[in-house]
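# the following comprises the amino acid sequence and a computationally predicted model.
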Amino acid sequence: MKLPMDDEHAALFTVGQVADMLQVQQAFLRRIDTHQIVSPQRSAGGQRRYSRAEIGRIQQVVTMMGEGMTLPAIRRIFELQHELAELTRERDALAARLTALGQDPAARPGPRPAGE
């Protein structure tokens with residue numbers, strides 16, 4: 001039986017709990033929500049609820065800000081990481097499809113990325 005606490009995307013933690021865990025201000029958490037860097041779910045009463053995955057992302061934000069990055073720059077980095085992950089999944093699906101058709105995906109014609 002899978003419990004909600006086993007799901008890294010289950011929204012279990014309040015703003016206060018996350019602020020205490022990460023030693024950040026609650027206003028900081030609201031600010032990164034406003035900048036759409038994290039998008040916590042809302043409880044029936046409208047309170048933000050964070051998942052473990054979002055908490056991990058917030059930890060990354062804290063580290064990046066400590067290195068001098070701005071919130072808009074951090075948001076863009078996360079957007080690019082998401083796009084890269086989607087393109088990688090798409091490429092892998094196409095390679096699997098070629099393999100299923102009996103074609104070698106590595107023998108494809110055309111330009112190759114640097115390093116191949």
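Yep, it's here. Residues are numbered from 1 along each chain as shown.

# so what's the backbone phi/psi at residue 88?
Backbone torsions of residue 88, given as degrees, to the nearest 10, read phi -60, psi -40.

# swap that for residue 42, sorry
Torsion angles at residue 42 (phi, psi; degrees, to the nearest 10) stand at phi -120, psi 140.

# repeat that for the one 4 residues further on.
According to degrees, to the nearest 10, the main-chain angles of residue 46 amount to phi 90, psi 0.

# could you check how far the worst-scoring helix or strand of the chain on mean pLDDT is from the centre of its chain?
Across the helices and strands of the chain, mean confidence by mean pLDDT, DSSP states H and E is lowest for strand 41-42: a mean of 89. Taking C-alpha atoms, centre = their mean, to the nearest Å, the mean C-alpha location of strand 41-42 is offset from the chain mean by 16 Å.

# after it, next one along is what?
Once the chain leaves strand 41-42, the next helix or strand it forms, by DSSP states H and E, is strand 48-50.
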